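Chemist: With the input below, show me the fold.
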Amino acid sequence: MAETSLQNALLQIAKDQNFTAPKIAIDESPNHGYIANVNRITLKDSETDATLHLFAKSKPKEIKGEWEFFYKNEAEFYNKVVAAFKEILQNHGNKLTLPLMPKCYFANDEIVILEDLLETGYKIWSPLNEPLDKNHVKAVLSAYGKFHAFSFAFKHKYPEKFASIGYKFEWFQTNYERLINNGFYKGLTEKLADCFDQETEFEYIEAIANFLSHGQVAYLEKLALLSESDVFVHGDSWTHNYMFRYDVDEPKPKDVCILDFQIFRKTSPVIDLSYFISTCACTPEFFNDIDVYLKVYHESLQTHLSQLNCPDVYTWDTLQYEWRNYSLKGLIMAGIILKMMTADKDELEARKHIEMPMQFDFISRNEALYQQRMRIVIKYFYDAGILQS
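Modeler: Sure, this is the predicted structure:
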């Protein structure tokens, strides 16, 4: 992305904010993310001292082909979905607030500029390789309840507009043959087999091998047919895409903000929930009490649907049914995301030039931790009867 593009976007923001003498300070040491360059920016009006602290995500020059889609997709989220959510608030006065997302000041196919949440007291969970504790898990599930409630309400009140926004697409379905042919699933199957004893736990090895080799196709085809309970989903539900804010000396978060909507789409709410729990809460404590945590989500969903004067469009029975039938997306994502969460930073940096998800197809220094987490995830889905032999 040309530097002038970012400068022009910032000048447009200054104009929108009625800054008469804008002064721009851009962090000249951007942190190069996996599919984004980022900058922290201070935009100040020299005449009034009004100041905005901003965070910019821009498309790297090397991004080509299908990855360009994700930038267009995030721009659509901020320009259309957030606008849709604001529209359903119009008849509710000041009683309700939008789901917690960073305020967007500018979004196009190359750049997204948001408020800098670090400047407002938000923090990312640390360390990244540790699962969230129960207070943080409940905070995120409650946030998803509100986010999905707004989507259900918009779909209920404006079905034609809902149909015109976003897409229904599963990357792993359209790229399945490529991932088979390049050996990704073969390598993943072998690594996951090492999570179990070859003699006494063969049923788990067989189940995951069958799922990755052909069962996944049937699952994704079944998911693609779902429509009645489709909502806008976040789509990238792992630890690094949440920020939390706390009261002083209080470990329990008072706010959670959801980040990064590059792969938002329309599908079952269970896709967000299973991805999140399988990567961010993958401990026996959470899986043993899965209904307790799903009820945290569902109670938040019902509360916000009621506040939005929307009927009960997603009952507890529906959630349980869809969890049994569609939650395997969490298993798919865990195989990749848990490697990213458990590997050392320098290991990931050394492989950034490799195409995703092949860049996560390696044995890390912390492979034992990866295997421990994946074992928990696979055992849950198999023992619960969701993953079939």
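
Chemist: and the spatially most central residue of the chain, what is it in contact with?
Modeler: The chain has Asp236 as the residue nearest its centroid, 2.0 Å off, counting by C-alpha atoms, centre = their mean. Going by C-beta atoms under 8 Å, 6 or more residues apart in numbering, Asp236 touches 260-263, 275. For every residue, glycine as well, the C-beta is placed using N, CA and C.

Chemist: what's the spacing between it and Ile258?
Modeler: Here Asp236 is placed at a distance of 9 Å from Ile258 (C-beta to C-beta, to the nearest Å).

Chemist: just to revisit the earlier point, SS state for the residue nearest to the centre of the chain?
Modeler: coil (DSSP: H, G, I helix; E, B strand; the rest coil).

Chemist: Could you do Leu114 as well?
Modeler: Classification of Leu114 using three-state DSSP returns strand.

Chemist: Disregarding flanking residues, what is the spatial nearest neighbour of it?
Modeler: Leaving aside its sequence neighbours, Leu114 sits nearest to Pro102 (C-beta to C-beta, 6 or more residues apart in numbering; 4.1 Å).

Chemist: residues contacting Ile263?
Modeler: Neighbouring residues of Ile263 by C-beta under 8 Å, 6+ apart: 70, 73, 171, 235-236.

Chemist: and the residue nearest to the centre of the chain, what pLDDT?
Modeler: What the model reports as pLDDT for Asp236 is 95.

Chemist: That one and Leu220, how far apart?
Modeler: For Asp236, the distance to Leu220 - C-beta to C-beta - is 17 Å.

Chemist: what about Ala25, which SS state?
Modeler: strand.

Chemist: With adjacent residues omitted, what lies nearest to it?
Modeler: If the residues on either side of it in the chain are set aside, Ala25 comes closest to Thr42, at 4.4 Å by C-beta to C-beta, 6+ apart.

Chemist: residues contacting Gly335?
Modeler: Gly335 touches 188, 192, 374, counting by C-beta under 8 Å, 6+ apart.

Chemist: Okay, the first one and Thr267: tell me how far apart.
Modeler: As judged by C-beta to C-beta, Leu188 and Thr267 stand 23 Å apart.

Chemist: could you check the distance from the residue nearest to the centre of the chain over to Leu114?
Modeler: Distance, Asp236 to Leu114, by C-beta to C-beta: 15 Å.
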